[in-house]
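# Next one to model:
(chains A, B and C)
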Amino acid sequence: MTGYRLPTTPAGAIRQQKEIARKVIATDDHGEIRFVCGVDVSYRKGMAHCSAVVMDIADLNIVVEQARTKSEIKHPYIPGLFMLREAGPILRTLKRLKHYDLVMVDGHGLLHPRRCGLACYVGVVKDKPAIGAAKSLLCGSVRDDNYIELGGKTLGYMITAEGRRKKNLYVSIGHRMSLESAVSLVKSMTKKEEWLPEPLRLADTYSRL
DNA sequence: GCGACAG
DNA sequence: ATCTTGTCGC
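Model (predicted):
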């Protein structure tokens, strides 16, 4: 049983990140991916509103399953320690879902100072394939071919939205996925003219309700 | 030491 | 992320 204790302090979070970073599987070690779950959290009045949306990779217009939770905000936002603030609400929400083959997280995966962004944390703890998709860069540098490297390693890829908006999305491995597969899956689930893949776009919308 | 810094 | 009016564009 993969039993992890939610971190309570920054030091505790860093300790877990180093431990989990070693357990991330960066290859396509998974079964068929059909149902994709997108999770996002919004905040208001001291509460964290988390939303999880499951969609069939074959139909981007139908929500197969959905769940929402409202939790007290326990920690402040600290760059690099995002999981300290959102892991709790997200794991609570994922428990309410019946089924999903992969989870897309609104944040980075391996493209992180300690190679353990929120997507890796959620993926390893749940031992589920996971992908990190962030709206801005935390670290690393984008090369001309759009791949992003950090410390001599290629850990991410920047997707530029087709729309006239200069919106970029930074994709990296969460767990049990290769970067190439993660990028193609994100692209395949992003509608024309849209910035975020449907599961994340809808999770974002639902979390604000 | 200084600056940068997922949501 | 959130606080916020009008405003530009499909």
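
# what comes up buried for stretch A:128-139?
By neighbour count on 16 or more other Cβ atoms under 10 Å, the buried set for stretch A:128-139 is A:Lys128, A:Pro129, A:Ala130, A:Ile131, A:Gly132, A:Ala133, A:Ala134, A:Leu138, A:Cys139. Backbone N, C-alpha and C define where each C-beta goes, glycine included.

# Including secondary structure and distance to A:Pro113, could these go into a markdown table?
A markdown table is the format used below for the buried residues of stretch A:128-139 (DSSP: H, G, I helix; E, B strand; the rest coil; distance: Cβ to Cβ, whole Å):
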| residue | secondary structure | distance to A:Pro113 |
| --- | --- | --- |
| A:Lys128 | coil | 23 |
| A:Pro129 | coil | 23 |
| A:Ala130 | strand | 18 |
| A:Ile131 | strand | 19 |
| A:Gly132 | strand | 14 |
| A:Ala133 | strand | 18 |
| A:Ala134 | strand | 13 |
| A:Leu138 | coil | 8 |
| A:Cys139 | coil | 6 |
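
# for those, which one is nearest DNA strand C?
Distance to DNA strand C, by Cβ to the nearest atom of the strand, is smallest for A:Ala134 among these, at 9.7 Å.

# So in terms of bridging, what pairs with that closest one?
A:Ala134 has these beta-bridge partners by DSSP bridges: A:Tyr170.

# Can you list phi and psi of the residue of chain A positioned farthest from its centre for me?
Ranking residues of chain A by C-alpha distance from their mean position (Cα atoms, centre = their mean) puts A:Arg164 at the top, at 25.0 Å. When read as degrees, to the nearest 10, the backbone of A:Arg164 gives phi -80, psi 0.

# Can you name the residues that contact it?
Contact analysis of A:Arg164 by Cβ atoms under 8 Å, 6 or more residues apart in numbering lists nothing.

# Give me the distance between the residue of chain A found nearest DNA strand C and A:Leu6.
Closest to DNA strand C within chain A is A:Ser42: 3.2 Å, counting by Cβ to the nearest atom of the strand. A:Ser42 sits 20 Å away from A:Leu6, going by Cβ to Cβ, to the nearest Å.

# Over to A:Leu179?
As judged by Cβ to Cβ, A:Leu179 and A:Leu6 stand 28 Å apart.

# near DNA strand B, which residues of chain A?
Counting by Cβ under 7 Å from any atom of the strand, chain A comes close to DNA strand B at A:40-41, A:77, A:79-83, A:106-108, A:112, A:117-119, A:132, A:134-139.
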